[in-house]
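Enquirer: coordinates for the following, if possible.
(4 chains)
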There are 2 protein chains.
Amino acid sequence: MATRKVNEDQLMRGLTQVFRTFGLEGASLTKLTEATGLQRASLYHRFPGGKEEMVVAVLQSTLALIQEQILDPLNGPGSPRQRLEKMSRAVAQFYANGEKACLFDYFSIAPDSHPIREHVNKAMRYWLECLTKVACEAGIKKSDARRRAEDVTAAIQGSLVMARAMNDRRPFRRMVKELPDRLLGD
Amino acid sequence: MATRKVNEDQLMRGLTQVFRTFGLEGASLTKLTEATGLQRASLYHRFPGGKEEMVVAVLQSTLALIQEQILDPLNGPGSPRQRLEKMSRAVAQFYANGEKACLFDYFSIAPDSHPIREHVNKAMRYWLECLTKVACEAGIKKSDARRRAEDVTAAIQGSLVMARAMNDRRPFRRMVKELPDRLLGD
DNA sequence: GTCTATACACCGATAGAC
DNA sequence: GTCTATCGGTGTATAGAC
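Expert: Residues are numbered from 1 along each chain as shown, chains lettered A, B, ... in the order given. This next block holds a predicted model:
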């Protein structure tokens, strides 16, 4: 393959930034070309499936980041609480303290028929499973663990919506700070 | 004025349904004409400001419904807990147990410059004030009341995102059921 | 692999008949 | 007040040169 003007990493970062700012329908090819530094035809060379393929690629690369930065620490060393504190810091960073949106939110605003919906569905269920698992390891019984995992997830997603809607990131910062206590009790 | 093919109520219902399904950018004039039974030009006769005016009108009429169905009961008769139980039922109905989205979420996915952002901002702050007020009336001190109001609001918004993303409305139904306890403590 | 140029559908918006 | 017809612009997508 010939030399690439923009490498994979830069490319995905540019695309992701646009989708995370303007949403699924708001992310136009024009905006995507501006953010990546590649022209339309070049984007189609990288993603023959067009915008729909870009959407899937953006979600996949974002899921890889979430896995690495947020979920992997849950299986790392330390007590459940220590691992959750690591996750808490990673969540704060990943969402830039509430400034950056969640693609689970943006990409779920699509017709049921849209292929991305299935990816989002599985990804969020997996996130919940990881949280449930660490709560179980802390000695919380399964059904309570699941309930608390849902509470924590809703608190994050909801406070992200609030941050955007009210232009106030304080609730998000608080939810994240309280994340370990919310999952394990205090 | 001549006879209207579609009355105000039917019109707003149709428009709202489209925006609440497809979001701000996804709601095209074509979809809006199909949902309302009015042609493009007729919609522009009703809303000379075009789509942007429709967006504002949809939000305003939705806020009126929220006021009437959800927030007014908070100032009605009964104990704070009784009023919150009324609100809880109204919230469940308004969001169709998690099937219908929240415009605070959808309409906040817009550039900061978009006029609708300011309306959403004020509306959500008002919602929070109403919740804070009833918590105060139940004897909870101001700062705790505010915090609990934020928790409840995030739980609702977050579980709506979860309902859409995972196609599972159980977390939403639970959050709504627990709403009074979450605001007042149990 | 990237580019310019272009095809064609759909977007929001308007003119003018009825 | 509603309609059909149409405008200019932008959307996604592609052809073909380099």
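Enquirer: where exactly do the helices run in chain A?
Expert: A:8-26, A:29-36, A:40-46, A:51-66, A:80-94, A:103-107, A:116-137, A:142-166, A:170-177, A:179-184 (DSSP state H).
Enquirer: okay, these, which one's buried deepest?
Expert: Most buried of these, by mean neighbour count (mean count of other CB atoms under 10 Å in any protein chain shown): helix A:103-107, with a mean of 25. Every residue, glycine included, has its C-beta placed from N, CA and C.
Enquirer: what's the average pLDDT for that helix?
Expert: The pLDDT scores in helix A:103-107 average 98.
Enquirer: could you do stretch A:133-146 as well?
Expert: Averaging pLDDT along stretch A:133-146 gives 98.
Enquirer: what's in contact with it?
Expert: Contacts to stretch A:133-146, defined as CB atoms under 8 Å, 6 or more residues apart in numbering or on different chains, come from residues A:74, A:79-81, A:83-84, A:128, A:132, A:148-149, A:183-185.
Enquirer: for the helices of chain A, could you give me a markdown table that also reports distance to DNA strand C?
Expert: What follows is these, written out as a markdown table (distance: least, CB to the nearest atom of the strand, whole Å):
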| stretch | distance to DNA strand C |
| --- | --- |
| helix A:8-26 | 8 |
| helix A:29-36 | 8 |
| helix A:40-46 | 3 |
| helix A:51-66 | 13 |
| helix A:80-94 | 28 |
| helix A:103-107 | 18 |
| helix A:116-137 | 19 |
| helix A:142-166 | 22 |
| helix A:170-177 | 31 |
| helix A:179-184 | 39 |
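Enquirer: can these go into JSON lines with extra columns for distance to B:Cys136?
Expert: As requested, these are exported to JSON lines (distance: least, CB to CB, whole Å):
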{"stretch": "helix A:8-26", "distance to B:Cys136": "37"}
{"stretch": "helix A:29-36", "distance to B:Cys136": "45"}
{"stretch": "helix A:40-46", "distance to B:Cys136": "54"}
{"stretch": "helix A:51-66", "distance to B:Cys136": "39"}
{"stretch": "helix A:80-94", "distance to B:Cys136": "30"}
{"stretch": "helix A:103-107", "distance to B:Cys136": "31"}
{"stretch": "helix A:116-137", "distance to B:Cys136": "33"}
{"stretch": "helix A:142-166", "distance to B:Cys136": "20"}
{"stretch": "helix A:170-177", "distance to B:Cys136": "18"}
{"stretch": "helix A:179-184", "distance to B:Cys136": "24"}
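Enquirer: widest-spaced pair of the contacts of stretch A:133-146?
Expert: Pairwise distances across the contacts of stretch A:133-146 (CB to CB) peak at 21.2 Å, for the pair A:Ser79 and A:Leu128.
Enquirer: A:Leu71 reaches A:Trp127, doesn't it?
Expert: Yes - assessed by CB atoms under 8 Å, A:Leu71 is found in contact with A:Trp127 at 7.0 Å.
Enquirer: about what we covered before: going by distance to DNA strand D, which of the contacts of stretch A:133-146 wins?
Expert: The closest of the contacts of stretch A:133-146 to DNA strand D turns out to be A:Leu128 (CB to the nearest atom of the strand; 31.3 Å).
Enquirer: leaving out sequence neighbours, find the closest residue to the closest one.
Expert: With sequence-adjacent residues excluded and distances taken as CB to CB, 6 or more residues apart in numbering or on different chains, A:Leu128 is closest to A:Ala149, at 5.2 Å.
Enquirer: A:Leu183 is in contact with that neighbour, correct?
Expert: Yes - with contact defined as CB under 8 Å, A:Ala149 counts as touching A:Leu183 (6.8 Å).
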